[in-house]
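K.L.:
Quick one, what's the 3D model for this:
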Amino acid sequence: MNEHDPFEKTFSHLRETQPPQDVRDANRRAVRLAIEQPAATHWWQRSIAVPLPAMMATAAVLLMSLSIHLMNTQGREEPPGSTDVTKPPAGSDTSATTLLVSNEPQVEYSETQSYLSGIGVVDRKIIYRIKE
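P.N.:
Residues are numbered from 1 along each chain as shown. Prediction:
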């Protein structure tokens, strides 16, 4: 420490300054209490203060999402082109000559969509399948 430093001369009297005894006792009690308390809970066990409007808006969005999902899955048929392509359709002729004659690729098209009243189309699936 440099004795010729102006800051050293100015603040040297603060080195010997002690806080009052009641402040030291209060600090020691606070430290002792913090040590005696159980360890902090894990992050997934802690509570989070969430404003009520944000919670209500989130709940409304989740409810709308769930209802739209349920409306899409109810009564939905399998798209026309989603049958098993490994098995030939019933009553079809699969002889080698038929397959050689009809070797042009055929395009199979199917479209399904869900419409929500007042909003419009919310889900649309278009399937193009090339059969050879």
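
K.L.:
what ranges of this protein fall below the confidence cut-off?
P.N.:
When residues are selected by pLDDT under 70, those of the chain lie in 1-2, 74-105, 132.

K.L.:
and if we set it to 80?
P.N.:
Low-confidence segments of the chain, defined by pLDDT under 80: 1-4, 38-41, 43, 45-46, 72-107, 130-132.

K.L.:
Tell me if I am right that Ile17 is in a helix.
P.N.:
No Ile there; residue 17 is Thr. No. Assessed with DSSP: H, G, I helix; E, B strand; the rest coil, Thr17 is coil; it does not lie in a helix.

K.L.:
phi, psi of it?
P.N.:
For Thr17, the backbone dihedrals are phi -70, psi 130 (criterion: degrees, to the nearest 10).

K.L.:
so how many other residues sit close to it?
P.N.:
Other residues within reach of Thr17 by the criterion other Cβ atoms under 10 Å amount to 7. From N, CA and C alone the C-beta is placed, and that goes for glycine too.

K.L.:
if I look at it, how far off is Phe11?
P.N.:
As for Thr17, its distance to Phe11 is 10 Å (criterion: Cβ to Cβ, to the nearest Å).

K.L.:
One more: Met55?
P.N.:
Where Phe11 is concerned, Met55 sits at a distance of 52 Å (Cβ to Cβ).

K.L.:
Likewise for Leu116?
P.N.:
Distance of Leu116 to Phe11, given as Cβ to Cβ: 73 Å.

K.L.:
quick one: Arg129 is in a helix?
P.N.:
No. With the criterion set as three-state DSSP, the secondary structure at Arg129 is strand rather than a helix.

K.L.:
nearest spatial neighbour of it, skipping sequence neighbours?
P.N.:
Using Cβ to Cβ, 6 or more residues apart in numbering and skipping residues adjacent in sequence, the residue nearest Arg129 is Glu108, 4.4 Å away.

K.L.:
pretty sure the one you found is in a strand, no?
P.N.:
Yes. Assignment of Glu108 by three-state DSSP places it within a strand.

K.L.:
Hmm, Tyr128 and it touching each other?
P.N.:
Yes. Shown here, Glu108 and Tyr128 form a contact pair, counting by Cβ atoms under 8 Å, at 7.3 Å.
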